[in-house]
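Peer 1: Coordinates for the following, if possible.
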Amino acid sequence: MKTTAALPALVVLLTGTLVAPPPASALTALPCDPKGVPAADAWNASQLSPALTGRMHDSLSAYRISCARVVTQVVRDRGLPIRAAELAVTTIITEATMDNLDGGDGTSVGLFQQTEGSYGNIDRNDPVAATNAFLNAMLREFPDGSWQTRPFGEVCQKVQRSAYPDRYAPEAHDGVLVARAVWDRSPSNLAVYRPTDNTFYIRKLDGTPLTRVSLGVPGDLPAVGHYERGNFDNLAVYRPSAGAFVIRWADGKTENVPFGQAGDLPATGRYENVEYDNLAVYRPSDRTFHIRRANESVLKVPFPGAQDGDVPAVGHYELSNYDNLALYRPSEGAYYIRWANGRIERIAFGAPGDRPAPAHFQAGPYTNLAVYRQQSSTFHIRRADNTVAPVVFGDGTKGDVPAVGKFE
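Peer 2: This next block holds a predicted model:
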């Protein structure tokens, strides 16, 4: 249950290696990660397992998370979008309950239960080789890239050619949830947007300056989001005077995308099962989030209890496939988070006048609560154990505001 005392949407940053044997089976489950099973995999398993709805419900282990993590990393290394990882994880759930089995039906072995006849030229018990083989087959079967939009069951079956084609679709929900949980274990970069020179200042993960990028005009607000295929977020600003996003693409070009109206505040997030973030704004005048769907229709979600001065603080605060709508109330230093069941919870964090800066600062699928305090130029990040990490960055005297994202 979600409580103020122990917010479940914050994952513990764990280190070290968990010594855990593979699950017992008539067949042997071989290791997936030659480096072992990190303790963070155990934590992710404990958090995800109860939320799964298919055959892995309450059956997820640290070992199985390690297998999903290796599969997902192969997808990332090839520069493919997260959809490919979701399809691959759905397949290994269906085929082998995420176990790297040394046998199976006939000549089938491994996570994907690949047969000797079709994949005899690779080591099918090598998760990297097996995943690459799956991805190669998928790209070959869907040369037009339609695997990115076709139903999960159709894509998995086309690649696997199973005698039981209807078994993939029921596992797609869990495949998505697990893949997203392990997709990117690296933390977000601290970054600020300086309105005095309309420039983003980005800090490397090791604490050294990464880069600075000029974007926008006076009055613009930072609107960082994942707007295109790739492993990193896009720099962007929202222009309240015009009701438009200005997005900087990976090639350095910028595009003006009208959405919203004068006075709106950016509230970008992942609100539906698509590859990219949805454009969204929070409208203080009607205290409603306005979300542009992939089909360009607009979803309006009122936020009960909102007050003048509240600002968007969207994040991934619970186990679901989508981000949570949330507001931050600077007047009292508190988050107001809307959970998937529609309930709104107040969570005190920060001090009056702080600005919200939620992001993934620890390993795992969840967003950490965080604020930026201009008077001290300091980010205050709430860890999963409820301790607070202060990190000085930027220059609050110049009006810096938080603009965190994944940039490396």
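
Peer 1: If you drop the residues flanking it in sequence, what lies closest to the residue of the chain positioned farthest from its centre?
Peer 2: Using C-alpha atoms, centre = their mean, the residue of the chain lying farthest from its centre is G106. It sits 37.7 Å away. Leaving aside its chain neighbours, G106 sits nearest to T115 (6.6 Å; criterion: C-beta to C-beta, 6 or more residues apart in numbering). Any C-beta I mention is one placed from the backbone N, CA and C, and that applies to glycine too.

Peer 1: List the contacts of the one you found.
Peer 2: With contacts defined as C-beta atoms under 8 Å, 6 or more residues apart in numbering, T115 is in contact with G106, T107, S108.

Peer 1: and of these, the nearest to D33?
Peer 2: Nearest to D33 among these: S108, at 21.9 Å, using C-beta to C-beta.

Peer 1: So which residues of the stretch 201-350 of the chain form strands?
Peer 2: Secondary structure of the stretch 201-350 of the chain (DSSP state E, counting those that start in this stretch): strands at 209-214, 221-222, 236-239, 244-248, 254-258, 265-266, 280-283, 288-292, 298-302, 311-312, 326-329, 334-338, 344-348.

Peer 1: Format the ones you listed as TSV; extra columns: mean pLDDT.
Peer 2: TSV is the format used below for these (pLDDT from 0 to 100):
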stretch	mean pLDDT
strand 209-214	91
strand 221-222	98
strand 236-239	98
strand 244-248	98
strand 254-258	97
strand 265-266	98
strand 280-283	98
strand 288-292	98
strand 298-302	97
strand 311-312	98
strand 326-329	98
strand 334-338	98
strand 344-348	97
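
Peer 1: Quick one: closest of those strands to D174.
Peer 2: Among the strands of the stretch 201-350 of the chain, if distance is taken as C-beta to C-beta, the winner is strand 334-338, at 23.8 Å.

Peer 1: Quickly run through the sheet partners of the closest one, with directions.
Peer 2: Applying DSSP bridges, strand 334-338 is found paired with strand 326-329 (antiparallel), strand 344-348 (antiparallel).

Peer 1: Beyond the lowest-mean-pLDDT helix or strand in the chain, next helix or strand please.
Peer 2: The helix or strand of the chain with the poorest confidence is strand 17-18; it has a mean of 40 (mean pLDDT, DSSP states H and E). Going down the chain from strand 17-18, the next helix or strand is strand 37-38, by DSSP states H and E.

Peer 1: Need the residues that contact stretch 387-395.
Peer 2: Contacts with stretch 387-395, where a contact means C-beta under 8 Å, 6+ apart, come from 190, 192, 194, 201, 203, 361, 372, 376-383, 400.

Peer 1: measure that stretch end to end?
Peer 2: Stretch 387-395 has an end-to-end distance of 24 Å (C-alpha to C-alpha, to the nearest Å).

Peer 1: So which bits of that stretch are buried?
Peer 2: Neighbour-count burial for stretch 387-395, counted by 16 or more other C-beta atoms under 10 Å, picks out F393, G394.

Peer 1: residues contacting I247?
Peer 2: Counted by C-beta under 8 Å, 6+ apart, I247 has contacts G225, Y227, N234, L235, A236, T254, E255, V257.

Peer 1: Pull out the buried residues from those.
Peer 2: Buried members of the contacts of I247, counted by 16+ other C-beta under 10 Å: G225, Y227, N234, L235, A236.

Peer 1: which residue packs closest to the third one, ignoring adjacent ones?
Peer 2: On the basis of C-beta to C-beta, 6+ apart, the spatially nearest residue to N234 that is not a chain neighbour turns out to be Y227, at 4.5 Å.

Peer 1: Report the contact partners of that neighbour.
Peer 2: So Y227 contacts N234, A236, I247, W249, Y276, D277 (C-beta under 8 Å, 6+ apart).

Peer 1: and which of these is nearest V75?
Peer 2: Y276 (16.4 Å).

Peer 1: and the next element down the chain from the host helix or strand of V178?
Peer 2: Using DSSP H and E, V178 sits in helix 172-182. Note on helix 172-182: by DSSP H and E, the next helix or strand toward the C-terminus is strand 191-194.

Peer 1: Let me have the buried ones among the contacts of I247 in a markdown table, extended by distance to L299.
Peer 2: Output for the buried ones among the contacts of I247, formatted as a markdown table (distance: C-beta to C-beta, whole Å):
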| residue | distance to L299 |
| --- | --- |
| G225 | 17 |
| Y227 | 18 |
| N234 | 22 |
| L235 | 25 |
| A236 | 20 |
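
Peer 1: quick revisit: so how far is G145 from the residue nearest to G106?
Peer 2: 26 Å (C-beta to C-beta, to the nearest Å).
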